[in-house]
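Engineer: give the three-dimensional model of this entry:
(4 chains)
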Protein chains: 2
Amino acid sequence: MNSREPMVGALLHATWAVVRARISAGLMRAGFTDLLPAHLMVLQYPGPDGERPSTLARRAGMSKQAMNQLLGSLEDLGYIQRVPDELDGRARIVRVTGHGALAITTIRDIVTELEGEWAVAIGAARFAEFKSVLETLRQTQPDIMD
Amino acid sequence: MNSREPMVGALLHATWAVVRARISAGLMRAGFTDLLPAHLMVLQYPGPDGERPSTLARRAGMSKQAMNQLLGSLEDLGYIQRVPDELDGRARIVRVTGHGALAITTIRDIVTELEGEWAVAIGAARFAEFKSVLETLRQTQPDIMD
DNA sequence: CAATATAGTAAATTTCGTTTACCGTGTTAG
DNA sequence: CTAACACGGTAAACGAAATTTACTATATTG
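Structural biologist: Down below sits the predicted model:
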């Protein structure tokens, strides 16, 4: 019985940390020095534009209060706005500002570049298969929250 | 140009969240109710036994001070001990207690079970390939810390 | 229309990690 | 040999990030 074999949990976390580090470093280099790590959860794919705070909270796997704090600071920093939903007096809709869109584009470019490197490293076909498996496995878990 | 395609960052993070949730839920069910989420970084594969605090810090990608706080609370809770290193008067060695070993085994069983489900879901061969790719990609990043 | 559910907010608290600063031990260069 | 430096660990203060608890206002349902 071999227990020296690394387990998916650790592997997934470590590999995600690689992406995260690249995004953070790239954003700093691009001048987005006011973005904190937690903000990435909001700006990351597929971005918050047009969504409700509570939808974003569920998507990020955190409470709506926590998400609202993130949105509050992102609003203070000028990346997003929260406008009233015309169709539902209780709700708000997140709108990404021009500045926010620029940050999102920057993140997307950074990740695209990394994906390119990875595709070269292990082969485009294998990498595509890898992403496809990831997507399938993620959907194993119904994201019920709060 | 299709920008509707999910990117690795989000995928990795979401999939890791699935594992994390399973571990937390399983630990609670098994009675380890005093373990906090951050403790998993220490107890997760391959476990801290015989290692130095600073080694664990580097492995977890955090400062040695942060790791020491985790180790301190895990010691208070009876999961580990820190004993002096006989060969180096400055260093300490982490020793997992019986209780700690039980928690580690529990985590390992939970992840093994999930891996089994995943292997069934997508096929054992594809899953093995998936893990292999993960391992390769993780090593893209040299883990230099502190 | 009353009861309940939903969306969001606010404040306090806890958890988590970094920063700054330090002590003691080991290693190395002169 | 010993002075300088590197290394492992620790402590306290702080900052970041998320939860818990509690509440308001609007929608929906019976």
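Engineer: who's A:Q81 bridged to?
Structural biologist: A:R95 (DSSP bridges).
Engineer: quick check: the residue nearest to the spatial centre of chain A vs DNA strand C, distance?
Structural biologist: Chain A has A:Q44 as the residue nearest its centroid, 2.7 Å off, counting by Cα atoms, centre = their mean. Going from A:Q44 to DNA strand C by Cβ to the nearest atom of the strand, to the nearest Å gives 19 Å. In this view, the C-beta of every residue, glycine as well, is placed from N, C-alpha and C.
Engineer: now swap in A:I110 and tell me
Structural biologist: 20 Å.
Engineer: how close does A:E113 get to A:A128?
Structural biologist: A:E113 sits 17 Å away from A:A128, taking Cβ to Cβ, to the nearest Å as the criterion.
Engineer: now name the helix or strand holding the closest residue to the residue nearest to the centre of chain A other than its chain neighbours.
Structural biologist: Nearest-residue entry for A:Q44: B:A10, 5.3 Å, with adjacent residues in sequence omitted and distances by Cβ to Cβ, 6 or more residues apart in numbering or on different chains. Taking DSSP states H and E as the definition, one finds B:A10 inside helix B:8-29.
Engineer: return the distance of that helix from the chain's centre.
Structural biologist: Centroid separation between helix B:8-29 and its chain, computed with Cα atoms, centre = their mean, to the nearest Å, is 11 Å.
Engineer: got the buried residues for it?
Structural biologist: Within helix B:8-29, the residues that count as buried by 16 or more other Cβ atoms under 10 Å in any protein chain shown are B:8-20, B:22-24, B:26-27.
Engineer: and that helix, what does it pack onto?
Structural biologist: helix A:8-29, helix A:98-122, helix A:124-138, helix B:40-43, helix B:98-122 (3 or more Cβ pairs under 8 Å, 6 or more residues apart in numbering or on different chains; DSSP states H and E).
Engineer: could you rerun that using 7 Å?
Structural biologist: helix A:8-29, helix A:98-122, helix A:124-138, helix B:98-122 (3 or more Cβ pairs under 7 Å, 6 or more residues apart in numbering or on different chains; DSSP states H and E).
Engineer: give me whichever of these is most buried.
Structural biologist: Neighbour counts (mean count of other Cβ atoms under 10 Å in any protein chain shown) averaged over each of the helices and strands packed on helix B:8-29 peak at helix A:8-29, with a mean of 19.
Engineer: only C-alpha atoms, please: export it in CSV.
Structural biologist: Coordinates of each C-alpha in helix A:8-29 appear next as CSV, following Å, rounded to 0.1, in the frame of the first residue of the first chain:
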residue,chain,number,x,y,z
VAL,A,8,-5.5,15.6,-5.5
GLY,A,9,-6.3,18.0,-2.7
ALA,A,10,-2.7,19.1,-2.3
LEU,A,11,-2.0,19.0,-6.0
LEU,A,12,-5.0,21.2,-6.9
HIS,A,13,-4.2,23.7,-4.2
ALA,A,14,-0.5,24.0,-5.2
THR,A,15,-1.3,24.3,-8.8
TRP,A,16,-3.9,26.9,-8.2
ALA,A,17,-1.3,28.8,-6.1
VAL,A,18,0.9,29.0,-9.2
VAL,A,19,-1.9,30.7,-11.2
ARG,A,20,-2.7,33.0,-8.3
ALA,A,21,0.9,34.1,-7.9
ARG,A,22,1.2,34.9,-11.7
ILE,A,23,-2.0,37.0,-11.6
SER,A,24,-0.9,38.9,-8.6
ALA,A,25,2.6,39.6,-10.0
GLY,A,26,1.2,40.6,-13.4
LEU,A,27,-1.4,43.0,-11.9
MET,A,28,1.3,44.7,-9.8
ARG,A,29,3.5,45.1,-12.9
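Engineer: please consider this matter closed, and thank you.
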